[in-house]
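Participant: Structure for the following, please:
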Amino acid sequence: MSPLINKLLVVVAALTVIWSASPAQVSAQSANANHSLASSYQDAANRIIEAALSDNTAFAKLTELSDRFGHRFSGSESLEHALDWLLEQMSADGLENVHAEPVMVPHWVRGEESATLIEPRRKPLPMLGLGGSVGTPPGGITADVLVVDSFDDLANRAAEAPGKIVLFDVPFTNYGETVRYRSMGAIAAARAGAVASLIRSVTPYSMQTPHTGGMSYSDEVPRIPHAALTIEDASMLHRMQDMGERVVVSLEMDAETLPDAPSRNLIGEIVGSERPEEVVVVGGHSDTWDVGQGAMDDGGGIVAAWEAVRLLHELGLRPRRTVRAVMFVNEENGVRGGTGYRDAHMSELDNHVLAIESDGGVFKPTALGFTGSDEAFDILTGMVPLLAPLGVDVTRGGGGVDIGPIMREGVPGMGLQVDGTHYFWYHHSAADTIDKLDPREMAECAAALAVMVYVVADMEEVLPRTAGG
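Facilitator: Prediction:
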């Protein structure tokens, strides 16, 4: 018998075994593989978790980043100074190939702004212009206010809107539903003939704290100023209207959009020992809104990702594949960092094994959510015993805005999920400051990321992609 025929018979026999296996046998084989994965990496996972929880290194770095530089808004000097510091610190930690990759970012400037209730009584209204809004004419806009509680309510009362300031007083249900009024409110109000638009801040809780965020315009209607009031004041103006009072507000905003500004993504690595061309990415976004410190959104995310890679270096755990920490710029008002990374690394994306993002605050971690093939998900669930000391599961569905561009090119994605009970209390507000975070919870986030990236970067098998991915 020729060697070729002999090899073909062996392959046929192997396929026969696979095809004839019962679902129970396949399930058992998968369980055995998962058990093998967990047992192979139990010691390394324990070392990572112990090291992460033994000190507050990551929290100390986040505190210095937050207190020293404050907000890190795209186009600002504070962002660029912070990026310089981050590059220096990653190099000092011994990360390899530490460098910046240029990205042009939007440059919106808030300027001076205010809102004042004129009638039925005079009262300053805490407010924040929404990112990308135009300013008011010199001297501001003073007009009657029409309060509505939905887009449908505005449509039904559209005849009352011309010449007025429309206020969307929409209580928070969930972010995806309620943020529509921040994103699209100016368009709907302008279409009805309003001269400006206001929203109730997108948050479930307030202590007279307005929340900013991105918004959109349409070329089909005029661009009108768009700003956020606090929950308390939006509700008060609604009650005044319901009592039959005439509500008048004066709005002044110096906001303007300047030409794009140069900035950069930051990268630091541990180069793989056997397959350096294959890459596992872990990161978050370096920029913030121009209020508060961005400690939660997303200073904690980038520092936890950086700490995950630093821990591997500190412990001498050099995986087969390269682990790459990426600090994406301009997530908040443009996603230029995410698209810039995709464009700069397009030729390498077939070798990107997994991308993980942390952008939900570094509160108590609960899970790592995965988007990718069923085969890959089955492999990753084998890591749950390794994450058990942290109480972290592996679940379906995850990713992030910054890694979205490369996920759409077929790279499997994962997002760190945390206890989000209070996240939207502080989100995009002046209250996003370091005191809202807990050192232990942040260390647990870093530990979970480090365990995941190390095992995926070191295990023999490459995560299978979805068909065509």
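Participant: Over to Glu252. Which of the three states is it?
Facilitator: strand (DSSP: H, G, I helix; E, B strand; the rest coil).
Participant: If you rank every helix and strand of this structure by mean pLDDT, what lands last?
Facilitator: One helix or strand of the chain scores below all others by mean pLDDT, DSSP states H and E: helix 3-20, with a mean of 39.
Participant: Extract the C-alpha set from stretch 322-339 and format it as PDB.
Facilitator: Output of stretch 322-339 as PDB, limited to C-alpha atoms (Å, rounded to 0.1, in the frame of the first residue of the first chain):
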ATOM      1  CA  THR A 322       2.100  39.200  21.200                       C
ATOM      2  CA  VAL A 323      -0.100  41.000  23.800                       C
ATOM      3  CA  ARG A 324      -0.700  44.600  22.800                       C
ATOM      4  CA  ALA A 325      -2.100  47.300  25.100                       C
ATOM      5  CA  VAL A 326      -3.800  50.000  23.000                       C
ATOM      6  CA  MET A 327      -5.000  53.400  24.300                       C
ATOM      7  CA  PHE A 328      -7.400  54.500  21.600                       C
ATOM      8  CA  VAL A 329      -7.900  58.300  21.200                       C
ATOM      9  CA  ASN A 330     -11.200  60.100  20.400                       C
ATOM     10  CA  GLU A 331     -13.800  57.500  21.300                       C
ATOM     11  CA  GLU A 332     -16.100  60.200  22.800                       C
ATOM     12  CA  ASN A 333     -16.800  62.400  19.800                       C
ATOM     13  CA  GLY A 334     -15.500  60.700  16.700                       C
ATOM     14  CA  VAL A 335     -14.000  57.100  17.100                       C
ATOM     15  CA  ARG A 336     -11.000  58.400  15.100                       C
ATOM     16  CA  GLY A 337      -8.700  56.200  17.300                       C
ATOM     17  CA  GLY A 338     -10.600  53.000  16.500                       C
ATOM     18  CA  THR A 339     -10.800  53.700  12.800                       C
END
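Participant: Compute the distance between the residue most central in space within the chain and Ser133, please.
Facilitator: Centroid-nearest residue in the chain: Asp359, 3.3 Å away (criterion: C-alpha atoms, centre = their mean). Asp359 is 24 Å from Ser133, where distance means C-beta to C-beta, to the nearest Å. Backbone N, C-alpha and C define where each C-beta goes, glycine included.
Participant: And Ile379, by the same measure?
Facilitator: Distance of Ile379 to Ser133, given as C-beta to C-beta: 46 Å.
Participant: Comparing those two, which shows the higher neighbour count?
Facilitator: Ser133 (27 against 24; other C-beta atoms under 10 Å).
Participant: so that one touches Gly214, yeah?
Facilitator: No: counting by C-beta atoms under 8 Å, Ser133 does not reach Gly214; the two are 9.8 Å apart.
Participant: burial of Pro124, as a residue count?
Facilitator: 10.
Participant: cool, and Val247?
Facilitator: 23.
Participant: For it, which non-adjacent residue is spatially closest?
Facilitator: Spatial nearest neighbour of Val247, chain neighbours left out: Val145 (4.3 Å); criterion: C-beta to C-beta, 6 or more residues apart in numbering.
Participant: Would you agree that neighbour is in contact with Val248?
Facilitator: Yes: in this structure, Val145 is within contact of Val248 by C-beta under 8 Å, at 6.8 Å.
Participant: In terms of packing, which of these two has more residues around it?
Facilitator: Val145 (23 against 17).
Participant: got the contact list for the strand or helix carrying the more buried one?
Facilitator: Using DSSP states H and E, Val145 sits within strand 141-148. With C-beta atoms under 8 Å, 6 or more residues apart in numbering as the test, strand 141-148 has contacts from 118, 154, 157, 160-161, 163-169, 194-196, 198, 225, 234, 237-238, 241, 246-252.
Participant: May I have the following helix or strand past it exported as PDB, CA atoms only?
Facilitator: Counting by DSSP H and E, the next helix or strand C-terminal to strand 141-148 is helix 151-156. Output in PDB follows, covering the C-alpha atoms of helix 151-156 (Å, rounded to 0.1, in the frame of the first residue of the first chain):
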ATOM      1  CA  PHE A 151     -40.600  62.700  19.900                       C
ATOM      2  CA  ASP A 152     -44.200  61.700  19.400                       C
ATOM      3  CA  ASP A 153     -45.300  64.400  21.900                       C
ATOM      4  CA  LEU A 154     -43.300  66.900  19.900                       C
ATOM      5  CA  ALA A 155     -44.900  65.700  16.600                       C
ATOM      6  CA  ASN A 156     -48.300  66.100  18.100                       C
END
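Participant: quick one: contacts of helix 151-156?
Facilitator: With C-beta under 8 Å, 6+ apart, helix 151-156 has contacts from Val148, Ala161, Val166, Phe168, Arg180, Tyr181, Met184, Ala188, Ala189, Ala192.
Participant: Check the spacing between the first one and Leu198 real quick.
Facilitator: To tie it back to what came earlier, the one meant is Val148. The gap separating Val148 from Leu198 is 11 Å, by C-beta to C-beta.
Participant: More neighbours: which of these two?
Facilitator: Leu198 (31 against 26).
Participant: quick one on the thing from earlier: strand partners of the strand holding Val145, parallel vs antiparallel please.
Facilitator: Paired with strand 141-148 in the same sheet, following DSSP bridges, are strand 165-168 (parallel), strand 248-253 (antiparallel).
Participant: just so I know, which of the ones you listed lies nearest Arg72?
Facilitator: strand 248-253 (22.4 Å; C-beta to C-beta).
Participant: following the closest one, which helix or strand shows up next?
Facilitator: strand 256-270.
Participant: Just give the closest residue to Arg72, not the sequence neighbours.
Facilitator: Nearest to Arg72 is Leu79, by C-beta to C-beta, 6+ apart, at 4.1 Å.
Participant: Any buried residues in stretch 426-440, and which?
Facilitator: For stretch 426-440, a neighbour-count test (16 or more other C-beta atoms under 10 Å) marks Tyr426, His427, His428, Ser429, Ala430, Ala431, Asp432, Thr433, Ile434, Lys436, Leu437, Pro439 as buried.
Participant: Compute the first-to-last residue distance for that stretch.
Facilitator: One end of stretch 426-440 to the other measures 20 Å (C-alpha to C-alpha, to the nearest Å).
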